[in-house]
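**Student:** Sequence first, predicted model second:
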Amino acid sequence: MATSGTYVTEVPLKGTAEKHYKRWKSENHVFPDAIGHHIQNVTVHEGESDSHGSIRSWNYTWDGKEEIFKEKREVDDENLTLTLRGLEGHVMEQLKVYDVIYQFIPKTEDTCSCKITIVWEKRNDDSPEPSTYMKFVKSLVTDMDHHVNKA
């Protein structure tokens with residue numbers, strides 16, 4: 001059996017949890033303009049842009065390389081949680097499972113945090129652990145914080 005694991009981190013954010021959750025759930029089309037140094041394009045293939053079960057692909061740049069990630073999303077409005085389940089793309093060449101979970105947690109009236117959880121399983125033990133992807137996802141959330149509050 002191949003190695004598996006879970007990474008968890010929390011990113012402090014300005015603004016309400018609801019505002020951040022809305023941006024990540026429903027407004028992915030603004031990502032290329034807001035954080036174009038990371039995300040170049042987001043395409044919805046199935047479902048509505050903010051619907052549970054929709055499928056989309058992300059064109060992004062990480063570590064100087066252009067990559068693609070195709071995911072199916074799970075939406076939990078009650079807990080302000082969005083799960084992206086990896087289907088295809090560069091990261092899926094090395095991993096059998098790659099789920100990214102964003103949970104926006106209210107802290108004060110005008111602050112929140114984003115708890116990021118990455119659940120992964122390698123295709124084989126020769127593949128490297130995906131720790132660099134946690135750094136990437138954390139940088140997406142951090143960089144999007146400024147844009148959410150500017151809007």
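**Tutor:** Structure received.
**Student:** Tell me the gap between the longest strand seen in the chain and the middle of its chain.
**Tutor:** Among the segments of the chain that qualify as a strand by DSSP state E, the longest is strand 95-108. Mean-position distance between strand 95-108 and its chain equals 7 Å (CA atoms, centre = their mean, to the nearest Å).
**Student:** Ok, stretch 133-151 next?
**Tutor:** 10 Å.
**Student:** what about the longest helix along the chain, distance to the chain center?
**Tutor:** When the chain is scanned for its longest helix (criterion: DSSP state H), the result is helix 131-150. Centroid separation for helix 131-150 versus its chain: 9 Å, with CA atoms, centre = their mean.
**Student:** Any buried residues in it, and which?
**Tutor:** Buried residues in helix 131-150, defined by neighbour count with 16 or more other CB atoms under 10 Å: Tyr133, Met134, Phe136, Val137, Lys138, Leu140, Val141, Met144, Asp145, Val148. No exception for glycine: its C-beta is placed from N, CA and C like everyone else's.
**Student:** doesn't Trp62 make contact with the third one?
**Tutor:** Yes - counting by CB atoms under 8 Å, Phe136 does reach Trp62; the two are 4.8 Å apart.
**Student:** Which residues are in contact with each of the two?
**Tutor:** His38 (CB atoms under 8 Å, 6 or more residues apart in numbering).
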